[in-house]
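Trainee: Coordinates for the following, if possible.
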Amino acid sequence: MKPLPPPGTFAEGQRFVYGLLAAAAGMFCGACAVAMIALLMWGGWSPAEEHSIVVIFGWSLGGFIAAMVAVIVGLLTGGPVGRFKMTATKDGASIEADRDDGGSGGAVPRSDGGQP
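Mentor: Here you go, the predicted model:
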């Protein structure tokens, strides 16, 4: 496998870091979900406790999965180079979608030297 080239801009570097964080978050949360299921299956619960444990673990696992999705989507869409910007003030809340092409806010230099 060829190594990736170094990021050309700060925004590319931040996207790379947030991509790694999102991947690590998914793997960690997946491993935790598997551990919860294994504990549920082989925990040695008594028959009297089984219903309560299944309900507790079910709701916990559902909340865990919802939180995992929220964190990963938040990392991928709202990082420091973000696609979505949200503000909340005493006048109300707003959300704005923005396109970030990795530039510094100015004109993007052309590869042909700027000649049309």
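Trainee: And the pLDDT for the residue nearest the centre of the chain?
Mentor: By CA atoms, centre = their mean, the chain has its centre lying nearest to residue 72, at 1.8 Å. If you check residue 72, the pLDDT there is 72.
Trainee: now the one 5 residues further on
Mentor: Listed pLDDT for residue 77 reads 70.
Trainee: how near is it to residue 96?
Mentor: Using CB to CB, to the nearest Å, one gets 13 Å for the distance from residue 77 to residue 96. To be clear about C-beta, it is placed using only N, CA and C from the backbone, and glycine gets the same treatment.
Trainee: and residue 14, that one's in a helix?
Mentor: Yes - assigned with DSSP: H, G, I helix; E, B strand; the rest coil, residue 14 falls within a helix.
Trainee: How much space separates it from residue 7?
Mentor: 8 Å.
Trainee: neighbour-wise, which of the two wins?
Mentor: residue 14 (17 against 14; other CB atoms under 10 Å).
Trainee: how about residue 95, phi and psi?
Mentor: Dihedral pair for residue 95: phi -130, psi 140, per degrees, to the nearest 10.
Trainee: Relative to residue 86, how far out is it?
Mentor: 5 Å.
Trainee: go on, residue 12?
Mentor: 23 Å.
Trainee: Point out where the chain drops to low pLDDT.
Mentor: The model of the chain has pLDDT under 70 over residues 76, 78-84, 97-116.
Trainee: Where do the helices of it begin and end?
Mentor: Using DSSP state H, the helices of the chain run over 10-42, 47-77.
Trainee: just how off-centre is the longest one within its chain?
Mentor: When you say that, I think you mean helix 10-42. 9 Å (CA atoms, centre = their mean, to the nearest Å).
Trainee: What of the shortest one?
Mentor: Taking CA atoms, centre = their mean, one finds helix 47-77 lying 17 Å from the centre of the chain it belongs to.
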